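In: with the sequence up front, the predicted model follows.
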Amino acid sequence: MSRCLIKKSEVQGFIERCMVAVGTQAHHAHSLAEVLVEGDHRGHYSHGLNRMDMYVKDIKTGICAKNGEPVVKKETVATALVDGKNLLGPVVGNFCMNLAIKKAKEVGIGWVVANGSNHYGIAGYYAMQALKENMIGMSFTNTSPLVVPTRAKECTIGTNPISVAAPGKDGESFVLDMATSAVALGKVELHARRGDTIPEGWGCDPQGNLTTDPEKVLNGGGLVPIGGCEATGGYKGYGLGMMVEVFCGILAGAHYSNNVRTWKVTDKMANLGQCFVAINPESFASGFNDRMSDLMSIQRGLDPCNSSAPVLVAGDPERENVKKCDEMGGIPYHINVVSYMNDCAKTIGVSKLLPCDNLVSD
């Protein structure tokens with residue numbers, strides 16, 4: 001299968017042009033484009049360019065605010081409640097994470113929650129901002145109800161991702177970035193767009209039965225929690241999704257559970273709840289970076305059950321993808337995704353489209 005190899009700067013510029021074309025402030029468009037491109041660069045194609053049409057629709061319909069900046073509504077030396085003013089999620093996310101880091105520098109920890117936000121891309125983008133200050137970063141968000149709780153048939157919980165980033169020595173780091181569903185919905189959407197089946201254990205049909213048909217998951221069914229069915233521990237993923245909801249929708253006073261609008265239906269504000277945490281390891285036992293690197297080395301040094309597949313830690317696959325993209329000189333996109341987004345751009349009057357001429361094989 002061939003893919004289009006496109007430079008990061010070209011994708012960044014394309015997304016910015018599309019967002020500005022529908023009225024987004026230039027610096028807000030830049031923030032969004034950076035998050036989406038970073039998602040693709042790290043291999044999370046479900047949360048990158050593939051998502052651009054959703055943000056375009058949110059701004060174009062007026063259901064997401066074009067102007068303004070987030071506002072701190074309440075704070076202490078270590079905490080803050082932020083009103084996202086219904087702005088693009090990355091605008092809210094950057095504001096909150098910067099505030100959490102500032103507080104952590106001053107008092108050792110910053111815990112910031114936001115209401116009035118929107119979809120913010122990959123959770124790991126915000127957690128990793130803390131690494132630049134040699135801090136632990138965490139990021140959580142609730143989402144539209146896309147996950148069917150254990151024993152149920154109806155979606156009432158979001159994919160509710162968790163991200164934790166912790167610095168080791170010499171720039172290496174642990175970066176966990178995961179949905180609390182078996183997969184992110186975008187991965188099911190990508191399979192449907194390509195006409196592929198999905199692995200069993202990703203989602204269920206409208207009757208709550210596991211299915212390999214992505215269309216059944218997207219039309220009346222839903223995703224299942226990490227672990228799949230009850231017998232294989234799906235209730236644990238369900239519990240983690242609820243935990244994220246506590247940190248986000250409940251703590252921030254945002255919408256939660258099935259109060260959040262239906263995915264991609266712009267009939268009301270999303271009003272997502274999000275949580276951003278920064279922790280300064282220097283406030284605790286000394287030698288954090290050394291121990292963190294040792295912890296990762298122990299796992300990586302294990303004798304693998306398959307000699308061709310070494311033991312990894314969270315963040316390693318993404319680092320490998322970043323390295324591969326950088327060596328190739330761009331990000332390889334499925335041609336169907338590029339064509340779809342170019343068509344989207346044409347409908348809003350954007351003429352400089354993504355190039356499709358540099359093809360590479362998987």
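Out: Received the coordinates, thanks.
In: where does the stretch 51-200 of the chain dip in pLDDT?
Out: Nowhere does the stretch 51-200 of the chain drop to pLDDT under 70.
In: can you show me the strands along it?
Out: Secondary structure of the stretch 51-200 of the chain (DSSP state E, counting those that start in this stretch): strands located at 71-75, 79-83, 109-117, 136-141, 162-167, 173-178.
In: buried residues in stretch 217-234?
Out: Buried residues in stretch 217-234, counted by 16 or more other Cβ atoms under 10 Å: 217-218, 221-229, 234. In short, each C-beta sits where N, CA and C put it, glycine included.
In: between the two ends of that stretch, how far is it?
Out: 17 Å (Cα to Cα, to the nearest Å).
In: chain center to it, what's the gap?
Out: In terms of Cα atoms, centre = their mean, to the nearest Å, the centre of stretch 217-234 is set 19 Å apart from its chain centre.
In: identify the residues contacting it?
Out: Stretch 217-234 is contacted by residues 146-151, 154-155, 157, 159, 178-183, 185, 188-189, 192, 198, 201-206, 210-211, 235-238, 240-241 when judged by Cβ atoms under 8 Å, 6 or more residues apart in numbering.
In: contact partners for P317?
Out: G43.
In: could you check the pLDDT of it?
Out: pLDDT, P317: 97.
In: check which helix or strand covers it.
Out: P317 is located in helix 316-328, with elements delineated by DSSP states H and E.
In: helix or strand next in line after that helix, which one?
Out: From helix 316-328, the next helix or strand downstream (DSSP H and E) is strand 331-334.
In: dump that following strand to PDB, restricted to CA.
Out: Written as PDB, here are the backbone C-alpha positions of strand 331-334 (Å, rounded to 0.1, in the frame of the first residue of the first chain):
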ATOM      1  CA  ILE A 331       4.900  12.000   7.700                       C
ATOM      2  CA  PRO A 332       3.400   9.100   5.600                       C
ATOM      3  CA  TYR A 333      -0.300   9.600   5.200                       C
ATOM      4  CA  HIS A 334      -2.800   7.100   3.700                       C
END
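In: what lies in contact with the helix or strand just after it?
Out: Using DSSP H and E, the helix or strand that follows strand 331-334 towards the C-terminus is helix 335-347. For helix 335-347, the surrounding residues in contact (Cβ under 8 Å, 6+ apart) are 2-4, 6, 14, 17-18, 21, 45, 49-50, 52-53, 56, 190, 193-194, 353-354, 356, 359.
In: after helix 335-347 comes which helix or strand?
Out: Counting by DSSP H and E, what follows helix 335-347 is strand 359-361.
In: other SSEs contacting that following strand?
Out: For strand 359-361, the packing partners by 3 or more Cβ pairs under 8 Å, 6 or more residues apart in numbering; DSSP states H and E come out as strand 2-6.
In: can we see that at 10 Å?
Out: When contacts are defined as 3 or more Cβ pairs under 10 Å, 6 or more residues apart in numbering; DSSP states H and E, strand 359-361 packs onto strand 2-6, strand 331-334.
In: hey, least reliable of these by pLDDT?
Out: strand 2-6 (a mean of 90).
In: partners of that strand, with directions?
Out: strand 331-334 (antiparallel), strand 359-361 (antiparallel) (DSSP bridges).
In: which helices and strands does the biggest helix by length in the chain pack with?
Out: In the chain, with assignment by DSSP state H, the single longest helix is helix 89-107. When contacts are defined as 3+ Cβ pairs under 10 Å, 6+ apart, helix 89-107 packs onto helix 26-41, helix 52-60, strand 71-75, strand 79-83, strand 109-117, helix 123-127, strand 136-141, strand 272-279.
In: now for N209, how many residues are close by?
Out: By other Cβ atoms under 10 Å, 11 other residues sit near N209.
In: V188 against P214, yeah?
Out: Yes - the pair V188 and P214 passes the contact test of Cβ atoms under 10 Å, sitting 4.8 Å apart.
In: need the overlap of contacts for those two.
Out: 198, 202-203, 221 (Cβ atoms under 10 Å, 6 or more residues apart in numbering).
In: distance between the ends of stretch 43-61?
Out: End-to-end distance (Cα to Cα), stretch 43-61: 30 Å.
In: for stretch 225-240, same thing?
Out: For stretch 225-240, the first and last residues are 9 Å from each other (Cα to Cα).
In: OK, contacts around K132?
Out: Per Cβ under 10 Å, 6+ apart, neighbours of K132: 101, 167.
In: ok, K352 - contacts?
Out: K352 sits in contact with 10, 13-14, 17, 345, where contact means Cβ under 10 Å, 6+ apart.
In: low pLDDT regions in the stretch 201-350 of the chain?
Out: Filtered on pLDDT under 70, the stretch 201-350 of the chain yields no residues whatsoever.
In: returning to that earlier point: can you select the buried ones among the contacts of stretch 217-234 for me in ChimeraX?
Out: Here is the ChimeraX command that selects the buried residues among those (16+ other Cβ under 10 Å):
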select :146,147,148,149,150,155,157,159,178,179,180,181,182,183,185,188,189,192,198,201,202,203,204,205,210,211,235,237,238,240,241
